[in-house]
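Visitor: structure, please.
(one chain, ligands or ions: 2)
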Amino acid sequence: MAETRLLDDYRPWPFRIAETRLDVTLAPRGTVVRSEIALERSGPGPLVMDGGAGLRTRAVTIDGRPVDPAHLTIAAESLTVAEAALPDRPFAFAAEVEIDPADNTALEGLYLSGGMFCTQCEAEGFRHITWYPDRPDVMAPFRVVVRSDLPVLLSNGNPVAQGRGWAEWHDPWPKPAYLFALVAGDLRALADRFTTMSGREVALNIWVRPGDLDRAGFAMQALKASMVWDEQAYGREYDLDVFNIVAVDDFNMGAMENKGLNIFNSKLVLASPDTATDADYERIESVIAHEYFHNWTGNRITCRDWFQLCLKEGLTVYRDQQFTSDLRSAAVKRIEDVVALRARQFREDAGPLAHPPRPDRYEEINNFYTATVYEKGAEVIGMLRRLVGEDGWRAGMELYFTRHDGQACTIEDWLRVFQDATGRDLAQFKRWYTDAGTPRLTMAEDWDEDAGRLTLRFAQTTAPTPGQPDKPPRVIPIALGLISPNGDEVLPTQMLEMTAAAQEFSFDNLGARPVVSLLRGFSAPVTVERTMSAADRALLLAHDSDPFARWQAGHDLALEALVAAAQGGDPDPAFSRALAGVLGDGTLDPAFVALVLRLPSEDEIAAGITARGAIPDPDRIHEARESLAETIARDHQPALAALYERMEPQGPYSPDAGPAGQRSLRLAALGLLSRLDGGERAQALWDAAPDMTQRMGALAALVRLDRAGTALAQMESQFADNRLVMDKFFTIQPIAAAPARAVAIARSLAARPDFDWKNPNRFRALIGAVTANPAAFHAADGSGYDFVAEWLMRLDPANPQTAARMMTAFETWPRHDATRRKAARDALERIAAMPLLSVNSAEMVRRILA
Ligand code: PHE
Ligand code: ZN
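Guide: Numbering: from 1, shown residues only. Ligands and ions are numbered 1, 2, ... in the order given. Here you go, the predicted model:
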């Protein structure tokens with residue numbers, strides 16, 4: 001079993017680095033890395049370096065002299081030079097190692113992707129490149145020479161010099177090893193320039209493979225918008241002469257913020273109207289921003305250790321969310337973020353993998369790049385801002401940047417900044433970082449007709465999570481407003497601060513009993529329970545001035561109806577009835593209407609049933625959802641047909657929020673109408689071959705109706721050479737097909753020669769699609785679990801990181817019936833029993849089954 005790392009075990013490294021020099025001679029099977037690290041002692045102890053199994057060590061010297069073997073210990077994952085062999089004054093440690101990038105299918109450290117050399121060092125990949133203190137609190141300026149025959153040779157920082165077959169780079173900003181990057185390949189740049197607010201000229205390049213150049217323009221636009229935004233919103237300026245982005249096809253994650261040399265999954269760079277959807281464009285824009293924003297929140301100020309990961313990730317997600325709301329629609333962005341948070345983070349928090357945003361133990365840090373660290377981490381920042389107010393937020397951020405620039409920090413440092421800037425005690429607030437689980441907030445109402453007084457009685461509880469049986473109350477910012485029965489707002493948004501387990505708030509001088517618009521803007525990441533009539537929900541859906549609460553009212557109506565129907569009850573017609581007003585209101589943002597029309601996911605319905613103490617049945621949930629969609633289509637056929645026509649965007653394709661919102665409403669209408677017209681509209685839309693967004697909307701409807709044969713054949717012949725489009729081909733079929741057919745479809749897709757499963761995008765496209773079709777994945781006969789487990793077992797030896805991450809699909813197993821639980825457990829135990837199972841997957845299976 002792997003070693004457990006504990007937050008409490010943190011000890012500083014006993015040396016400082018003045019400079020790190022690397023000289024890398026690239027070759028697919030034998031890359032030689034020469035390192036020279038200028039060190040100075042800052043505490044007692046031997047010199048211990050981290051390294052991975054793949055290092056073939058050829059030489060180790062101190063101040064140019066080979067280390068006496070009696071003082072040198074090279075173990076599987078560490079190299080130790082005894083204290084006796086180290087000078088008292090500053091000295092240089094140098095090593096020469098050989099590594100094998102062609103053999104690196106894990107995509108950590110230095111690897112090859114389609115003939116291009118590239119690196120991924122977060123979190124602990126640098127140790128696969130050479131011996132080094134591979135921990136984020138050891139920071140150094142880097143000087144790097146890259147040698148290769150390939151035409152483009154890149155590393156962090158500024159270019160210093162280059163010649164035939166080599167290039168030298170210098171990064172003056174001290175950084176931890178996880179931000180190191182190196183790229184070499186036959187690449188083309190889309191080049192541009194940016195002048196910062198203080199007049200620094202920055203060369204911008206987006207590096208792609210020769211044929212992809214015409215699809216990099218949008219990413220460049222997003223980069224420039226991000227640079228402007230960070231100056232305006234936070235006064236943060238870029239700090240090097242160049243900013244390079246490289247797109248690679250084989251990448252475990254979305255993208256990486258290496259200093260001055262961001263490396264991106266190509267699907268988050270490349271876009272054109274005929275190959276990418278509106279959702280792809282929006283995601284490219286936000287990830288480009290995210291990685292760029294890391295330059296300050298992550299790079300200039302980094303993490304002391306990996307337990308503090310949410311220090312950089314929560315804050316940077318928060319910043320990219322703000323960026324998107326500023327560029328697009330704040331209301332729509334907030335709703336989308338909450339939908340995603342509930343789908344991934346609430347689900348994580350409610351299951352065996354629950355952990356706090358700042359965990360205090362792990363075996364494999366790569367398993368903690370989670371929705372909790374990222375998305376809940378961002379929600380915690382949003383709450384902090386609500387609690388300290390706008391002035392406090394500004395003062396705190398300013399102090400954070402000035403006080404901690406150049407440092408490796410902790411959550412304690414972060415909170416102290418806001419405590420010092422505002423005088424507010426944040427001890428209770430800190431529980432949001434240290435405690436796992438989603439608080440459940442209940443609200444009961446007392447209406448005193450004679451006094452015109454409404455009293456709200458709140459209570460909060462948080463269920464136990466692994467390792468944390470007791471949950472003290474947290475501070476919860478509750479934003480609410482009051483709406484009169486005729487729809488007027490009688491009390492604008494108030495921010496209540498709940499700090500106790502139970503607490504009351506009263507509102508006086510009310511003429512008539514108002515309806516409470518609760519948790520406006522989703523002011524805290526909690527679940528809400530209250531009794532509320534369908535009529536009151538419909539009133540909020542029609543009148544609430546807060547767009548999030550308004551959407552939530554409709555969503556709750558739909559969820560209630562679906563939860564009841566999936567448990568054999570009568571579906572309540574209230575949701576469909578309330579839609580009449582929404583569909584008929586021409587003043588509403590089409591994107592908002594599309595969100596109201598989007599039914600709760602099957603997974604959310606299952607969670608709702610579980611929360612009511614019952615066992616969800618994935619098949620009945622699927623049927624209930626399909627049947628509600630059909631009811632809505634029948635009830636609103638003319639209005640939907642009119643919207644479908646009216647929402648056709650005019651003019652050339654633009655990914656902006658306006659036209660994208662129109663398309664999303666148009667496709668929502670299409671999805672419903674296709675339940676009545678047999679897919680005629682969808683087929684016509686596909687045949688008209690407009691942008692990829694609409695084609696995928698049409699294709700989803702055709703696949704659901706099992707009449708997509710021709711369309712899929714056309715897609716295949718048109719896009720056989722485009723990996724990103726073919727990923728969509730692999731995803732759409734198992735995800736949109738009837739659950740009974742999905743696994744068989746996926747099996748036949750997996751047998752295709754172009755199912756290049758070692759490519760993480762392709763693997764996720766197909767295997768992830770099965771896990772995203774809940775009634776298929778959770779099929780009672782275990783066929784979904786078996787299929788996914790089979791593939792995770794195949795992937796694990798090649799790429800443990802991606803295999804382990806995808807295992808989270810199983811995290812909802814405990815909520816199901818005995819038959820499904822047994823099938824899931826059997827599948828997981830098969831994985832657990834695999835010889836040579838990776839540390840990554842072993843930790844995941846153990847936690848999921850615990
Ligand atoms: N730090 C990256 C981000 O969030 C994510 C990442 C982690 C990428 C680990 C690769 C490996 O921006
Ligand atoms: Zn990040």
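
Visitor: can we go C-alpha only for contacts and neighbour counts from here?
Guide: OK.

Visitor: what about whatever residue of the stretch 751-850 of the chain ends up closest to ligand 1, which helix or strand?
Guide: Nearest residue of the stretch 751-850 of the chain to ligand 1 (Cα to the nearest ligand atom) works out as Q801 at 9.2 Å. In this structure, Q801 sits in helix 800-806 according to DSSP states H and E.

Visitor: which outside residues touch that helix?
Guide: Helix 800-806 is touched from outside by 106, 252, 366-367, 760, 764, 768, 792-793, 795-796, 838-841, 844, with contacts defined as Cα atoms under 8 Å, 6 or more residues apart in numbering.

Visitor: among those, which are located in helices?
Guide: Counting by DSSP state H, the contacts of helix 800-806 place 760, 764, 768, 792-793, 795, 839-841, 844 in helices.

Visitor: send me the helix holding Q801 as PDB with only the CA atoms.
Guide: These are the backbone C-alpha positions of helix 800-806, laid out as PDB (Å, rounded to 0.1, in the frame of the first residue of the first chain):
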ATOM      1  CA  PRO A 800      -3.000   5.700 -14.200                       C
ATOM      2  CA  GLN A 801      -3.900   9.300 -13.800                       C
ATOM      3  CA  THR A 802      -6.700   9.300 -16.300                       C
ATOM      4  CA  ALA A 803      -7.900   5.800 -15.300                       C
ATOM      5  CA  ALA A 804      -8.200   6.800 -11.600                       C
ATOM      6  CA  ARG A 805     -10.000  10.000 -12.400                       C
ATOM      7  CA  MET A 806     -12.600   8.200 -14.400                       C
END
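
Visitor: pull up the residues of the chain that are close to ligand 1.
Guide: 122-123, 253, 255-257, 291 (Cα under 6 Å from any ligand atom).

Visitor: run the last query once more with 5 Å
Guide: 122, 256 (Cα under 5 Å from any ligand atom).

Visitor: flag the shaky bits of the chain, pLDDT-wise.
Guide: 1 (pLDDT under 70).

Visitor: quick one, longest helix in it?
Guide: Assigned via DSSP H, the chain shows its longest helix as helix 377-404.

Visitor: what's whatever helix or strand comes next after it packed up against?
Guide: Note on helix 377-404: by DSSP H and E, the next helix or strand toward the C-terminus is strand 408-409. Under the contact criterion of 3 or more Cα pairs under 8 Å, 6 or more residues apart in numbering; DSSP states H and E, strand 408-409 touches strand 302-303.

Visitor: and what about the residue lying farthest from the centre of the chain, helix, strand or coil?
Guide: Distance from the C-alpha centroid of the chain, by Cα atoms, centre = their mean, peaks at D450 (50.8 Å). Per DSSP: H, G, I helix; E, B strand; the rest coil, the local secondary structure of D450 is coil.

Visitor: need the phi and psi values for it.
Guide: phi -70, psi -40 (degrees, to the nearest 10).

Visitor: so what touches stretch 346-356?
Guide: With Cα under 8 Å, 6+ apart, stretch 346-356 has contacts from 371-373, 432-438, 465-466, 607, 811-812, 814, 847-850.

Visitor: where's W207 relative to E257, distance?
Guide: 15 Å (Cα to Cα, to the nearest Å).

Visitor: residues touching D134, list them.
Guide: Contacts of D134 by Cα under 8 Å, 6+ apart are 49-50, 124, 126-127, 176-178.

Visitor: TSV please, covering those and showing secondary structure.
Guide: Shown next, in TSV, are the contacts of D134 (three-state DSSP):
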residue	secondary structure
M49	strand
D50	strand
E124	coil
F126	helix
R127	helix
P176	coil
A177	helix
Y178	helix
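
Visitor: list just the nearest of these to D488.
Guide: For those, the residue nearest D488 by Cα to Cα is Y178; the value is 53.9 Å.

Visitor: pull out the buried residues from the helix or strand hosting D337.
Guide: Secondary structure from DSSP H and E places D337 in helix 330-340. Neighbour counts over helix 330-340 (16 or more other Cα atoms under 10 Å) mark 330-335, 338-339 as buried.

Visitor: what's the answer for stretch 277-291, then?
Guide: Here stretch 277-291 shows 277-278, 280-291 as buried, counting by 16+ other Cα under 10 Å.

Visitor: do stretch 563-575 as well
Guide: 563-567, 571-575.

Visitor: hmm, who's touching it?
Guide: 534-535, 538, 554, 557-558, 561-562, 605-606, 608-609, 616-617, 620-621, 623-624.

Visitor: mind giving me the PyMOL command for buried ones among those?
Guide: Filtering the contacts of stretch 563-575 down to the buried ones (16+ other Cα under 10 Å) takes a single PyMOL command:
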select buried, resi 534+538+554+557+558+561+562+605+606+608+609+616+617+620+621+623+624
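
Visitor: of the contacts of stretch 563-575, which belong to helices?
Guide: Reading helices off those with DSSP H, I get 534-535, 538, 554, 557-558, 561-562, 605-606, 608-609, 620-621, 623-624.

Visitor: how much space between the residue of the stretch 751-850 of the chain closest to ligand 1 and T771?
Guide: Where T771 is concerned, Q801 sits at a distance of 18 Å (Cα to Cα).

Visitor: closest residue of the stretch 251-400 of the chain to ligand 1?
Guide: For the stretch 251-400 of the chain, Cα to the nearest ligand atom, closest residue to ligand 1: M256, 4.4 Å.

Visitor: actually the stretch 1-150 of the chain, not the one I typed
Guide: Closest point on the stretch 1-150 of the chain to ligand 1, by Cα to the nearest ligand atom, is E122, at 4.7 Å.

Visitor: hmm, P136 and that residue touching each other?
Guide: No. E122 is beyond contact range of P136, at 9.4 Å (criterion: Cα atoms under 8 Å).

Visitor: need the residues touching each of those two.
Guide: Y178.

Visitor: is V60 bridged to anything, and to what?
Guide: For V60, the beta-bridge partners are A95 (DSSP bridges).

Visitor: quick one: contacts for the residue in the stretch 601-750 of the chain positioned nearest to ligand 1?
Guide: Proximity of the stretch 601-750 of the chain to ligand 1 (Cα to the nearest ligand atom) peaks at L724, 19.0 Å away. Applying Cα under 8 Å, 6+ apart to L724 gives the contacts 267, 275.

Visitor: how far is the helix or strand it falls within from where the chain is centred?
Guide: If you go by DSSP H and E, L724 is part of helix 723-736. Counting by Cα atoms, centre = their mean, to the nearest Å, helix 723-736 is centred 20 Å from the centre of its parent chain.

Visitor: between the following helix or strand past it and helix 723-736, how many degrees?
Guide: Following helix 723-736 in sequence order, the next helix or strand is helix 739-750 (DSSP H and E). Counting by axes from the mean of the first three to the mean of the last three Cα atoms, to 10 degrees, helix 739-750 lies at 150 degrees to helix 723-736.
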